[in-house]
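In: task: produce atomic coordinates for the following.
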Amino acid sequence: MTRIVPTFLECYPDIHLDLVTEGAFVDIVAEGFDAGVRLGEAVPQDMVAVPFAGEGRFLAVASPAYLEGNGAPRTPTDLAQHRCICFRLPRGKMYRWEFARRGEEFKLEVQGAITLDHIGLMVTAAIKGLGIAYVSAATAKVALAAGELVSVLADWTPPFPGHHLYYPSHRLVPAALRTFIDVLREIDRQDYPADRRT
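Out: All right, here's what the predicted structure looks like:
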């Protein structure tokens, strides 16, 4: 969205864009929103979904210093022997880490010395050596490239359907939303050409 929103406003300065960020799931129909954004697997079945930004992926990451002192987990169950940086969802529930490989799946509620509710802070905590964090690959990309973080259990974290803009299938699509979708699709084609999609 970092490129889509500025481009849309530059091309259509007369359209007012009202964005609300909310970590918890919201019923966009009941709350009066034209559209929402969720991961593909969480879009309600009665909605029209427009994928963008390619597939998503979560990674377990830690600093080289942490791994040097504590070793690297080989399987998800090894995380029980590690300090993990826990994530609290917006309504207070603890996020369970999800792993899958060759039909084997794990959902783990990990333990650690620190619990955070912001992905960026989790990356910072992992860089500081406070434990292993489970974050989106996009969030950790810069730190991984800089060598500040190392991915562990990478073969247990396959990609999944990424973000989708979605809207009710039974309602007339407002002209401004249709225009926004056109801009989203055009920028997505530029940033994620078909031959580079994973």
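In: out of everything not next to it in sequence, what's closest to Val61?
Out: Leu149 (4.3 Å; C-beta to C-beta, 6 or more residues apart in numbering). C-betas here are computed from N, CA, C, even on glycine.
In: could you do Asp117 as well?
Out: Nearest to Asp117 is Arg88, by C-beta to C-beta, 6+ apart, at 4.6 Å.
In: pretty sure the one you found contacts Gly112?
Out: No. Counting by C-beta atoms under 8 Å, Arg88 stays clear of Gly112, with 11.7 Å between them.
In: which of the two has more neighbours?
Out: Gly112 (18 against 14; other C-beta atoms under 10 Å).
In: confirm that the more buried one sits in a helix.
Out: No. With DSSP: H, G, I helix; E, B strand; the rest coil as the criterion, Gly112 is located in coil rather than a helix.
In: ok, the closest residue to it other than its chain neighbours to Arg96 distance?
Out: Nearest residue to Gly112, sequence neighbours excluded (C-beta to C-beta, 6+ apart): Cys84, at 3.9 Å. Per C-beta to C-beta, to the nearest Å, Cys84 is found 11 Å from Arg96.
In: in stretch 99-111, what counts as buried?
Out: Phe99, Phe106, Val110 (16 or more other C-beta atoms under 10 Å).
In: returning to that earlier point: can you pull the contacts of the residue nearest to Asp117?
Out: Met94, Tyr95, Thr115, Leu116, Asp117 (C-beta atoms under 8 Å, 6 or more residues apart in numbering).
In: pairing partners for it in the sheet, please.
Out: Met94 (DSSP bridges).
In: distance check, it against His82.
Out: 19 Å.
In: got it, and Val123?
Out: From Val123 to His82 the distance is 17 Å (C-beta to C-beta).
In: what of Leu121?
Out: Counting by C-beta to C-beta, the gap from Leu121 to His82 is 19 Å.
In: cool, Tyr95 as well?
Out: For Tyr95 relative to His82 (C-beta to C-beta), the value is 16 Å.
In: who's more crowded, the two?
Out: Between Tyr95 and His82, counted using other C-beta under 10 Å, the more crowded position is His82 (20 against 14).
In: circling back: Throw the buried residues of stretch 99-111 into JSON lines and include pLDDT, thanks.
Out: Formatted as JSON lines, those follow (pLDDT from 0 to 100):
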{"residue": "Phe99", "pLDDT": "95"}
{"residue": "Phe106", "pLDDT": "87"}
{"residue": "Val110", "pLDDT": "94"}
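In: nearest to Pro6, of those?
Out: Phe99 (36.2 Å; C-beta to C-beta).
In: so which elements touch the helix or strand that closest one falls within?
Out: Assessed by DSSP states H and E, Phe99 sits inside strand 97-101. Strand 97-101 sits against strand 58-62, strand 104-108, with contacts defined as 3 or more C-beta pairs under 8 Å, 6 or more residues apart in numbering; DSSP states H and E.
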